[in-house]
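In: mind looking at a prediction? Sequence and model below.
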Amino acid sequence: MAKAVLLRIDDRLLHGQVARNWMKEVGADVIVVANDLVSEDEKQQHLMDLVTPMGSKSYFFGLSEASTKIKGLEEEDALVLVETPEDALKLIEDGVEIGSVNIGNIHQTSGKEKVNESVFVDQNDIDTFKKIEANGKKLDFRTLPNDQSIDFDQLFK
């Protein structure tokens, strides 16, 4: 069974920064993108495959099937990417084994306030983060592995 070595919230999903830096940092063998739109869009998958490191594989699953598919992968360590905090919570509630959740990029939209240079949240996001923490998961706010990690309590006391 595959092990999810990192669950990352990034509204850009799979891009060069993730492929180059996070895969190496966490020792992932494969990338799993859990997103309904991308799972059905071969052009988006192809673009994301272009940044997947040589020798690695990327998988694209719809959110409802992702936890089952992740558990069904061979003995590979997976970097799992989702678009929103709600998507991360769904995978956690569906039984994806993971110790922490990295929040890397949530872009500014109407009603969202800046947390750091790359993360903007609203009250719904904060409430979802609280639910993730209630499930025993540590929240780690940082864009790159060498950035200083900021945990949830530092940001939202």
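Out: Received it, and whenever you're ready, just let me know what you need.

In: what distance do you get for Asn146 to Pro85?
Out: For Asn146, the distance to Pro85 equals 24 Å [CB to CB, to the nearest Å]. For glycine as for every other residue, the C-beta is placed from the backbone atoms N, C-alpha and C.

In: out of these two, which sits in the busier spot?
Out: A direct count of neighbours by other CB atoms under 10 Å for Asn146 and Pro85 places Pro85 higher, at 23 against 8.

In: name the nearest residue to the more buried one, sequence neighbours excluded.
Out: Excluding its sequence neighbours, the residue lying closest to Pro85 (CB to CB, 6 or more residues apart in numbering) is Thr128, at 3.9 Å.

In: which residues touch the one you found?
Out: Neighbouring residues of Thr128 by CB atoms under 8 Å, 6 or more residues apart in numbering: Pro85, Glu86, Ala88, Leu89.

In: so which of these wins on neighbours?
Out: Top of the contacts of Thr128 by neighbour number is Ala88, holding 29 neighbours under the definition other CB under 10 Å.

In: element containing that one?
Out: Under the criterion of DSSP states H and E, Ala88 resides in helix 85-93.

In: who touches stretch 100-110?
Out: Contacts for stretch 100-110 (CB under 8 Å, 6+ apart): 6-12, 18, 22, 84-85, 88, 92, 112, 114, 118-121, 125, 129, 132, 137-143.

In: buried residues in it, which are they?
Out: Ser100, Val101, Asn102, Ile103, Gly104, Asn105, Ile106 (16 or more other CB atoms under 10 Å).

In: before we move on, the earlier item: tell me the buried residues within the contacts of stretch 100-110.
Out: Using 16+ other CB under 10 Å, the buried ones in the contacts of stretch 100-110 are 6-12, 18, 22, 84-85, 88, 92, 112, 118-121, 125, 129, 132, 137, 139-143.

In: so of the residues you listed, which ones are in helices?
Out: Pro85, Ala88, Ile92, Asp125, Phe129, Ile132 (DSSP state H).

In: so for stretch 79-92, mean pLDDT?
Out: The average pLDDT within stretch 79-92 is 97.

In: show me what that stretch is in contact with.
Out: Taking CB under 8 Å, 6+ apart as the rule, stretch 79-92 contacts 4-11, 13-14, 18, 22-23, 26, 28, 30-35, 63, 66-67, 70, 96, 98, 101, 103, 106, 124-125, 128-129, 131-132, 135, 137.

In: relative to helix 85-93, how tilted is the lengthiest strand in the chain?
Out: Ranked by residue count under DSSP state E, the longest strand found in the chain is strand 3-10. Put simply, strand 3-10 runs at 160 degrees to helix 85-93, going by axes from the mean of the first three to the mean of the last three CA atoms, to 10 degrees.
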